[in-house]
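>>> sharing a model prediction with you, sequence too.
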Amino acid sequence: MFGRRKNLYIADTPKKRRRFRGLKITFILLGSIIILSTIFAFFFRQNLLNWAIEKAKNKAKNYHATLAVGSATISGLANVEITDVSLVPDNADTLLYIGKASTGLRLWKLITGNIMFSHLQLDQGFVKLVRYDSTRSNYSNFTKQKDSDELESNSKISLAQKGYKIIKNVLGQIPGKIEVGDFTISYTRGENKYYIKADGLKLDDEMVKCNIDISTPVSNKKLEESKVESSPDIQRLKVEGLFDPDNMTGDVNIKSRDFNMMYIPLAQEKMGLKLGAKELNLKLNEVSYHNGELILKTFAEMKDIVINHSRLANNDVKIAVGSGDLHVMVGEDYITLDSSSTFKLNKINVHPYFRYQRSPVIDYDLKLTTDRMAANDFFNSLPDGMFESLSGIDAEGFLTYRMDCHLCDTSPWDVSFNSDMQKENFKIRRYGKAYLPMINGEFVYTTYEYGNPKKILVGPDNPDYTNLENVSEYLKNAVLTTEDPAFFGHRGFIVESIRQSIAQNYVYKRFVRGGSTISMQLVKNIYLSRQKTLSRKMEEMLLVWMIENLGIVGKQRMYEVYMNIIEWGPGVYGVGEASRFYFEKLPSQLNLQEAIFMASIIPHPKWFASSFNDTTQMLKKHYKGYYSQISGLMVARKLINPEDTTGLEPNVVLRGPAKTLLRKTIPISDSTELYDNPPLLMDEIKYRDY
């Protein structure tokens with residue numbers, strides 16, 4: 001047996017030797033080619049450099065620009081000194097200028113006609129962007145949209161491939177060693193000029209250090225509109241950290257050299273947004289491409305954040321620490337923000353998940369989940385300037401929030417939405433600025449008439465105050481039908497209403513409708529300001545959740561207060577005053593016709609007169625369909641009997657002071673009158689039929 005194995009070994013030896021000899025010859029040939037190519041590149045490196053420069057000049061001509069190079073010499077293996085480089089678009093200002101630069105070229109890239117640097121030393125230079133008007137600039141030739149055929153072909157390219165190519169091209173062009181003395185990027189539009197000036201930029205052995213000056217002048221007009229203090233004209237920043245362009249990783253810290261706040265350039269003028277921080281940390285942890293998927297892992301942290309925008313809040317919003325640890329995956333037809341990502345707002349940790357799918361149909365998935373957190377950590381982490389009514393609150397227990405939403409572009413009306421704040425042994429030991437149990441007793445409600453405060457006593461000492469049992473059942477049920485049919489069954493929010501709002505807003509590509517409940521209207525009116533901001537809306541939702549889920553106020557009491565404080569006409573507040581204003585009746589005496597009319601004017605109480613025809617002083621024609629639909633819904637919900645609707649017509653006759661406010665003008669037809677403002681569109685009533 002051993003002899004047979006030996007013979008097999010001997011028989012295989014010549015074959016192995018021949019294979020080894022073939023590999024040896026192959027390596028010798030490849031080595032020879034490399035050596036000869038290197039020798040060729042070395043002796044003809046100046047010619048290769050000139051060839052690459054000519055190639056770049058010809059490419060510039062394709063963009064209707066002229067690339068000029070004063071001198072370009074190469075020494076050593078691939079060390080280049082270049083002077084007076086300029087890129088000038090036709091009939092426009094110089095876009096790029098480099099006074100003097102010394103660099104090392106990557107020789108193998110030069111052979112292919114591409115200029116890539118191994119190191120770079122730059123003493124003087126600038127990039128100057130000039131916007132002449134809405135259509136002309138000195139850079140527009142380089143940013144023109146590609147033709148439709150090319151765009152169509154690019155749309156079929158994998159999102160992962162496209163993204164990785166862009167990142168690789170950008171970071172791959174950065175030399176491993178850089179030293180810049182003075183380089184400025186400026187942008188001029190009209191009389192305003194903005195610039196970013198880098199001085200003392202050094203990148204060596206992955207260590208990066210730089211001083212940056214940013215000029216961000218803001219026009220007086222924008223300052224007047226924003227009503228906030230401007231960010232400084234010049235920001236002096238210091239950048240330090242690590243950056244490895246080859247491995248595409250970095251860890252950079254940015255601070256003000258003057259120990260001042262840092263602000264995002266142009267944000268205040270372009271968007272009316274003031275966003276600043278005292279310190280910014282940026283990390284690029286991973287950029288990789290495997291099996292057709294691009295993976296990005298980044299981290300950003302801002303400290304002592306200040307945000308101001310008119311739609312967010314009327315004052316500065318302040319956050320001690322905010323950060324985002326993002327894990328993004330990009331495939332051929334999708335972009336995903338993985339749930340392992342974390343957004344941190346002081347002590348609140350939120351784990352987001354988002355997925356955009358573009359094929360075979362456009363599809364969106366969004367999920368938000370917070371860590372289980374102590375209730376006081378949650379309240380103490382809310383940004384200053386956004387939740388003033390909760391200032392000083394003290395609570396115990398734990399809170400967790402979960403939300404998920406899914407929408408398909410081809411069937412937006414089937415959008416799914418769920419939102420839930422879970423509480424665990426949650427109690428309020430001390431209320432904040434807003435004492436929520438206040439509405440259980442007599443209190444003073446302050447409203448505003450054209451900016452002037454008007455105080456209304458809510459309680460028995462007010463002669464117009466009406467207990468709920470003394471309000472006509474017709475009116476109570478008509479208001480519930482039009483404003484919040486599920487009021488006595490929900491806990492402050494109607495998921496179906498929010499779901500329909502998302503769908504409708506997506507279809508019309510703008511904010512068309514919201515999903516306010518009676519609970520939300522009540523909280524907004526009693527506890528919060530009249531600001532129409534995101535801050536106030538979020539505060540409203542949190543207060544509603546607390547009132548409804550902690551049983552602070554009963555539903556009957558909430559509805560009674562609501563009926564006694566809402567505006568029913570110009571300067572008319574509460575159901576007691578309103579029934580007398582329109583009909584010279586007590587609220588208990590209102591019939592179905594009158595009840596449906598009063599419910600219809602709640603969305604636009606100051607415009608009630610526009611509901612009447614100027615010549616007949618009767619309700620306009622479209623109210624016939626409105627009465628039919630509202631009464632039909634009331635019958636379907638068994639709030640009234642079918643016989644109650646017999647002979648029901650919108651024949652409302654005003655008998656109170658409201659009659660004197662009806663307009664008396666030249667007759668205008670119902671179909672063309674400018675103030676023809678129906679209380680609810682038919683499809684809106686359908687969506688509110690939860």
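In hand now; what should we look at? What you are looking at is a predicted structure, and each value in this text was computed from that prediction instead of being measured.

>>> okay, now Gly459: neighbour count?
14 (other C-beta atoms under 10 Å). The way it works is simple: take the backbone N, C-alpha and C, and place the C-beta from them, glycine included.

>>> so what's it up against?
Contact partners of Gly459, counting by C-beta atoms under 8 Å, 6 or more residues apart in numbering, are 441-443, 465.

>>> check which residues of stretch 624-637 are buried.
Neighbour counts over stretch 624-637 (16 or more other C-beta atoms under 10 Å) mark 626-627, 629-631, 633-634 as buried.

>>> any weak-confidence spans in the stretch 401-550 of the chain?
510-515 (pLDDT under 70).

>>> strands along the stretch 451-600 of the chain, start to end?
Counting by DSSP state E, counting those that start in this stretch, the segments of the stretch 451-600 of the chain that form strands are 452-458, 567-569, 572-573.

>>> same question, the stretch 51-200 of the chain
In the stretch 51-200 of the chain, strands defined by DSSP E, counting those that start in this stretch lie at 65-75, 79-89, 96-105, 117-131, 177-180, 183-189, 192-204, listed in chain order.

>>> domain-wise, how is this protein divided?
According to the domain assignment given by automatic domain parsing, the chain is divided into the following structural domains: 27-115, 159-322, 333-433, 436-687.

>>> I'd like those as TSV, with distance to Val127 appended.
Putting these into TSV (distance: least, C-beta to C-beta, whole Å) gives the following:
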stretch	distance to Val127
domain 27-115	5
domain 159-322	5
domain 333-433	30
domain 436-687	36
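
>>> weakest of the ones you listed in terms of mean pLDDT?
Out of those, the stretch the model trusts least by mean pLDDT is domain 27-115, with a mean of 75.

>>> hmm, back to that, so which of the strands of the stretch 451-600 of the chain gets nearest Arg663?
Between Arg663 and the strands of the stretch 451-600 of the chain, the tightest spacing by C-beta to C-beta is seen for strand 567-569, at 14.4 Å.

>>> chain center to that closest one: distance?
With C-alpha atoms, centre = their mean, to the nearest Å as the basis, strand 567-569 stands 36 Å off its chain's centre.

>>> could you tell me which strands sit next to that strand in the sheet, and their orientation?
Here strand 567-569 is paired, per DSSP bridges, with strand 572-573 (antiparallel).

>>> so who does Arg131 touch?
137, 187-190.

>>> among those, who's most crowded?
Using other C-beta under 10 Å as the neighbour test, the contacts of Arg131 are led by Ser137, with 21 neighbours.

>>> for that one, list each beta-bridge partner.
On the basis of DSSP bridges, Ser137 takes part in beta bridges with Arg131.

>>> that one touches Leu129, doesn't it?
Yes - under the criterion of C-beta atoms under 8 Å, Ser137 is in contact with Leu129, at a separation of 7.0 Å.

>>> which strand residues bridge the closest residue to Ala277 other than its chain neighbours?
For Ala277, the nearest residue in space outside its immediate sequence neighbours is Met302; the separation is 4.0 Å by C-beta to C-beta, 6 or more residues apart in numbering. With DSSP bridges as the criterion, Met302 is bridged to Leu280, Gly322.

>>> list the contacts for Met302?
If a contact means C-beta under 8 Å, 6+ apart, then Met302 has 277, 279-281, 319, 321-323 as its contacts.

>>> let's see it at 6 Å
With contacts defined as C-beta atoms under 6 Å, 6 or more residues apart in numbering, Met302 is in contact with 277, 280, 322.

>>> just the buried subset of these, please.
Neighbour counting over the contacts of Met302 (16+ other C-beta under 10 Å) leaves 277, 280, 322 as the buried ones.

>>> please determine how far the last one is located from Asn591.
It refers to Gly322. Using C-beta to C-beta, to the nearest Å, one obtains 57 Å as the distance from Gly322 to Asn591.

>>> again with the second one
Remark: distance between Leu280 and Asn591 (C-beta to C-beta) = 66 Å.

>>> for Tyr187, same thing?
Remark: distance between Tyr187 and Asn591 (C-beta to C-beta) = 68 Å.

>>> then Ile98?
As it turns out, when the distance is counted by C-beta to C-beta, Ile98 lies 85 Å from Asn591.

>>> swap in Gln422?
In this structure, Gln422 and Asn591 are 46 Å apart, going by C-beta to C-beta.

>>> again, but for Asn425
Look at Asn425 and Asn591: by C-beta to C-beta, they are 50 Å apart.

>>> check Asn47 too.
Using C-beta to C-beta, one gets 100 Å for the distance from Asn47 to Asn591.

>>> tell me which of these two has more neighbours.
In this comparison of Asn47 against Asn591, neighbours counted by other C-beta under 10 Å, the higher total goes to Asn591 at 15 against 11.

>>> state the distance from that one to Trp568.
The gap separating Asn591 from Trp568 is 17 Å, by C-beta to C-beta.

>>> is it possible to get JSON lines of the contacts of Met302 that adds distance to His622?
As requested, the contacts of Met302 are exported to JSON lines (distance: C-beta to C-beta, whole Å):
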{"residue": "Ala277", "distance to His622": "54"}
{"residue": "Leu280", "distance to His622": "57"}
{"residue": "Gly322", "distance to His622": "50"}
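
>>> residues in contact with Val180?
Going by C-beta under 6 Å, 6+ apart, Val180 touches 122, 198, 201.

>>> tabulate those residues (TSV), appending distance to Tyr263 and neighbour count.
Compiled in TSV, the contacts of Val180 are given as follows (distance: C-beta to C-beta, whole Å; neighbours: other C-beta atoms under 10 Å):
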residue	distance to Tyr263	neighbour count
Leu122	27	20
Ala198	18	18
Leu201	21	19
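
>>> would you list these in CSV and tack on distance to Lys555?
Compiled in CSV, those are given as follows (distance: C-beta to C-beta, whole Å):
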residue, distance to Lys555
Leu122, 71
Ala198, 63
Leu201, 65
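
>>> list just the nearest of these to Ile518.
Ala198 (57.7 Å).

>>> neighbours of the nearest residue in space to the closest one that is not next to it in sequence, just the number please.
With C-beta to C-beta, 6+ apart as the criterion, Ala198 has its nearest non-adjacent residue at 5.0 Å, and that residue is Phe183. By the measure other C-beta under 10 Å, the count of residues near Phe183 is 18.

>>> isn't Phe183 up against Asp123?
No - under the criterion of C-beta atoms under 6 Å, Phe183 makes no contact with Asp123, lying 9.1 Å away.

>>> my guess is Asp420 contacts Asp404, does it?
No - judged on C-beta under 6 Å, Asp420 makes no contact with Asp404 at a distance of 9.5 Å.

>>> and those two? which has more neighbours close in?
Looking at Asp420 and Asp404 with other C-beta under 10 Å, you find the greater number of neighbours at Asp404, namely 15 against 11.

>>> so which helix or strand takes in that one?
Under the criterion DSSP states H and E, the helix or strand holding Asp404 is strand 394-408.
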